[in-house]
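**Student:** Quick one: sequence and predicted model below, then my questions.
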Amino acid sequence: MAAIHPYTRIYFFLAMTIGIFTCRMLSPMLIIAGASTLLAITSGRVISQTLFLTSFFLPLLFFTCLIWGLLLNTVPSDWNISFHDPYKFALFISTRLYSLGTTFYLSFYTSPEKIIHVARIIKLNKNITLILLGISALLPDINYRANKILTARLARGIMPDRKITTRIKQLPYILRPLVVGIFESTVERAENWERKNIHQLVDDFPIDKPQINLLDLLAIVLGTGTILLNFFYNL
């Protein structure tokens, strides 16, 4: 969502969050998830959204169906009015979390340059800007180091393949080296920023006034439509 105006992002995040949390039926939640996925694809995040769908939503759906469908075989009492089938409830919970993740990703995840640009426009505190920059650098670092550890285990024959189920089983073994590596890279990044005088670089970053475009309109329509969809379904 690199081309979307920062104020549109804020409205999109608030509207989608309200709409997702007030939704208590499966049909509108599926519509919300599908629409947010289409917006992600339209904004050029095809590969990342596909990875999010396969590595987050599908495993989550499997585990929620396992818990609510096979093990508990019931629906929480607060949801008995909306759901009678535990598998539909599991699909609803998984879709809700997927929609929230997609909303957060579309609203806030972007390049460091765009973070600085937006922070300068809305006059965000410099320290908060640096925190956001650190978080944006942390996510790719986690992905890179996790893949590096998994590749090493695969090369040594410890891990048989790179299937999703196999990677989930490997999670307890990669946590310690992953956390240690992240701490090391974080310290190195902080020292590197200090050498480059990151505070001055943020102050000197050029500001171009963003223009409203098609993605802004799509985000506004989706955010507003999410709230209206729940309103009409609850009538």
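**Tutor:** Received, thanks. Residues are numbered from 1 along each chain as shown.
**Student:** Average pLDDT for stretch 56-67, rounded please.
**Tutor:** Taken as a whole, stretch 56-67 has a mean pLDDT of 87.
**Student:** what's the span of that stretch from first residue to last?
**Tutor:** Start and end residues of stretch 56-67 are separated by 16 Å (CA to CA, to the nearest Å).
**Student:** ok, then the element right after the helix or strand of the chain with the lowest mean pLDDT?
**Tutor:** The least trusted helix or strand in the chain, going by mean pLDDT, DSSP states H and E, turns out to be helix 112-121, with a mean of 70. Later in the chain than helix 112-121, the nearest helix or strand by DSSP states H and E is helix 126-155.
**Student:** how close does Glu191 sit to Asp204?
**Tutor:** 21 Å (CB to CB, to the nearest Å). To be clear about C-beta, it is placed using only N, CA and C from the backbone, and glycine gets the same treatment.
**Student:** no no, Tyr11
**Tutor:** Computed as CB to CB, the Tyr11 to Asp204 distance reads 30 Å.
**Student:** got it, and Leu154?
**Tutor:** 44 Å.
**Student:** These two: which is more packed in?
**Tutor:** Between Leu154 and Asp204, counted using other CB atoms under 10 Å, the more crowded position is Leu154 (15 against 8).
**Student:** Show me the shaky parts of the chain.
**Tutor:** 1-4, 80-81, 110-114, 117-118, 122, 205-213, 234-235 (pLDDT under 70).
**Student:** and Ile47, how many neighbours does it have?
**Tutor:** 8.
**Student:** Are there helices or strands packed against the helix or strand hosting it, and which ones?
**Tutor:** Assessed by DSSP H and E, Ile47 sits inside helix 46-52. Judged by 3 or more CB pairs under 8 Å, 6 or more residues apart in numbering; DSSP states H and E, the packing partners of helix 46-52 are helix 26-42, helix 86-108.
**Student:** Tell me which helix or strand comes right after it.
**Tutor:** Per DSSP H and E, the first helix or strand lying C-terminal to helix 46-52 is helix 58-64.
**Student:** who's in contact with that next one?
**Tutor:** Helix 58-64 is contacted by residues Ala90, Leu91, Ile93, Ser94, Leu97, Tyr98, Ile164, Ile168 when judged by CB atoms under 8 Å, 6 or more residues apart in numbering.
**Student:** May I see the buried residues of stretch 21-41?
**Tutor:** 23-24, 26, 28-29, 31-33, 35-37, 39-40 (16 or more other CB atoms under 10 Å).
**Student:** How about stretch 45-58?
**Tutor:** Arg45, Gln49, Phe52, Leu53, Phe57.
**Student:** nearest to Asn147, of the residues you listed?
**Tutor:** Proximity to Asn147 was ranked across the buried residues of stretch 45-58 by CB to CB; first place goes to Phe52, at 15.4 Å.
**Student:** Distance check, the residue nearest to Tyr233 when sequence neighbours are not counted against Leu106.
**Tutor:** Among residues not flanking Tyr233 along the chain, Pro28 sits closest, at 5.0 Å (CB to CB, 6 or more residues apart in numbering). Separation of Pro28 from Leu106 (CB to CB) stands at 19 Å.
**Student:** Same check on Leu218?
**Tutor:** 11 Å.
**Student:** The two: which is more packed in?
**Tutor:** Taking other CB under 10 Å, Leu218 and Leu106 do not tie; Leu106 has more neighbours (24 against 18).
**Student:** Could you pull up the residues touching the more buried one?
**Tutor:** So Leu106 contacts Met1, Phe12, Ser36, Leu39, Ala40, Ser43, Arg45, Ala219 (CB under 8 Å, 6+ apart).
**Student:** Kind regards, and thank you for your time.
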